[in-house]
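Trainee: generate coordinates for the sequence data below:
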Amino acid sequence: MKQLLPIFLLTLNVLVVKAQLPEPPKGYHWEKNSEFSDEFNEAQLDNTKWYDRSPYWVHGRPPATFRASAVSVQNGMLQIKNQPLVPKDEKYHIAGGAVASVSKQALFGYYEVRMKASGISKSSTFWLKNMPERPDCPREQQELDIVEAVGMKKRGYDFNNYMKSNSHIFRWDCDGKKTVLSEGGQCEIVPPASEAFHNYACWWVDENTLKFYLDGEHKFTVHPKKPFDRPMYMHLVTETYNWEDPPTTEELTNDAINTTYYDWIRSYKLVKDVSDSED
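Mentor: Numbers count the residues shown, from 1 in each chain. I've put the predicted structure just below:
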């Protein structure tokens, strides 16, 4: 009996994780959205679902850029390993990764990742974005940041001990002026993002309501400053920021801290129940 108990408890834990989905509205149930779900249990990245180097943001923000060689699937996890860029150039000297969904049809639904951030001053992220509606002006682009973690704070914000989530609307007028409308929220992460796996999630309820969850608990709600009503693609990215000092070569070559781990991504959409009277 003692040998069976851990297995039984493990089974209970799995059931609890699956039960962490928000209660659906009356008359609806959650169904898996397979285009944006992956357990990463295969030997390599599923190229029917994911690009190993994003076609939507190819080069990244200096001094870091993206390389497919930084991305791998090992031990049942998607891994993005940050390294010095070889050979480096005048603009970039750090290599990270940007995995992107093939589908660009993420809309209202529940989007969740189980992730452990790297321990360096580079991001570990999970977010959604769309392309501008049109190539001319004015044009507008939307971004939904579910989590942006930075495992080592050197200056700027504490993205290791706090889950920070945002809705951004980027707008360019015909004079080239860029306007950003942002609305976000935050909550504490315990243990810190670089020390343990956590579940980070967003229920994109409708065009005006974004509910954010940490480890299955609703933490805060964000109302974008303009309607979020267009489909998006998904990004899993490690990048440098202009408000944080980049990692050193010593930090980038330290395998104990240089990798972001994604255990799984699970996405769901609401489907209307079929009642007996509709059969």
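
Trainee: tell me the phi and psi of the nearest residue to D52 once chain neighbours are set aside?
Mentor: Closest residue to D52 apart from its sequence neighbours, by Cβ to Cβ, 6 or more residues apart in numbering: A68 at 4.2 Å. Glycine gets a C-beta too; all of them are placed from N, C-alpha and C. Here the main-chain torsion angles of A68 (degrees, to the nearest 10) amount to phi -60, psi -30.

Trainee: contacting residues for A68?
Mentor: Contacts for A68 (Cβ atoms under 8 Å, 6 or more residues apart in numbering) come out as 52-53, 97.

Trainee: could you do Y28 as well?
Mentor: 270-273.

Trainee: those residues, buried ones only, as a PyMOL selection?
Mentor: The buried residues among those can be selected in PyMOL (16 or more other Cβ atoms under 10 Å) with this line:
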select buried, resi 270
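
Trainee: from the contacts of Y28, which is closest to K26?
Mentor: Of all the contacts of Y28, K26 sits closest to D273, with 8.8 Å by Cβ to Cβ.

Trainee: and the pLDDT at the closest residue to that closest one other than its chain neighbours?
Mentor: Closest residue to D273 apart from its sequence neighbours, by Cβ to Cβ, 6+ apart: G27 at 5.4 Å. You'll see G27 listed with a pLDDT of 97.

Trainee: V73 contacts E39, doesn't it?
Mentor: No: with contact defined as Cβ atoms under 8 Å, V73 does not reach E39; the gap is 10.3 Å.

Trainee: which of the two has more residues huddled nearby?
Mentor: Taking neighbours as other Cβ atoms under 10 Å, V73 and E39 compare with V73 leading, 19 against 13.

Trainee: which residues does the more buried one contact?
Mentor: Shown in contact with V73 (Cβ under 8 Å, 6+ apart): 40, 42-45, 79.

Trainee: give me the buried entries from those residues.
Mentor: Buried among those by 16+ other Cβ under 10 Å: 40, 45, 79.

Trainee: what's the closest of these to P62?
Mentor: Nearest to P62 among those, with distances taken as Cβ to Cβ, is Q79, at 23.4 Å.

Trainee: torsion angles phi and psi at T249?
Mentor: phi -60, psi -40.

Trainee: what pLDDT does it get?
Mentor: 98.

Trainee: and what of C137?
Mentor: On the pLDDT scale, C137 gets 87.

Trainee: leaving out sequence neighbours, find the closest residue to it.
Mentor: Looking at C137 with Cβ to Cβ, 6+ apart, the closest residue is C174, at 3.9 Å.

Trainee: any idea which helix or strand carries the residue nearest to S101 when sequence neighbours are not counted?
Mentor: Using Cβ to Cβ, 6+ apart and skipping the chain neighbours, the partner closest in space to S101 is M234 (3.9 Å). Using DSSP states H and E, M234 maps to strand 233-237.

Trainee: so what does that strand touch, helix or strand wise?
Mentor: strand 77-81, strand 98-101, strand 123-129, strand 259-272 (3 or more Cβ pairs under 8 Å, 6 or more residues apart in numbering; DSSP states H and E).

Trainee: would you mind putting the ones you listed into TSV with mean pLDDT and distance to E250 alongside?
Mentor: As requested, those are exported to TSV (pLDDT from 0 to 100; distance: least, Cβ to Cβ, whole Å):
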stretch	mean pLDDT	distance to E250
strand 77-81	98	15
strand 98-101	98	24
strand 123-129	98	19
strand 259-272	98	15
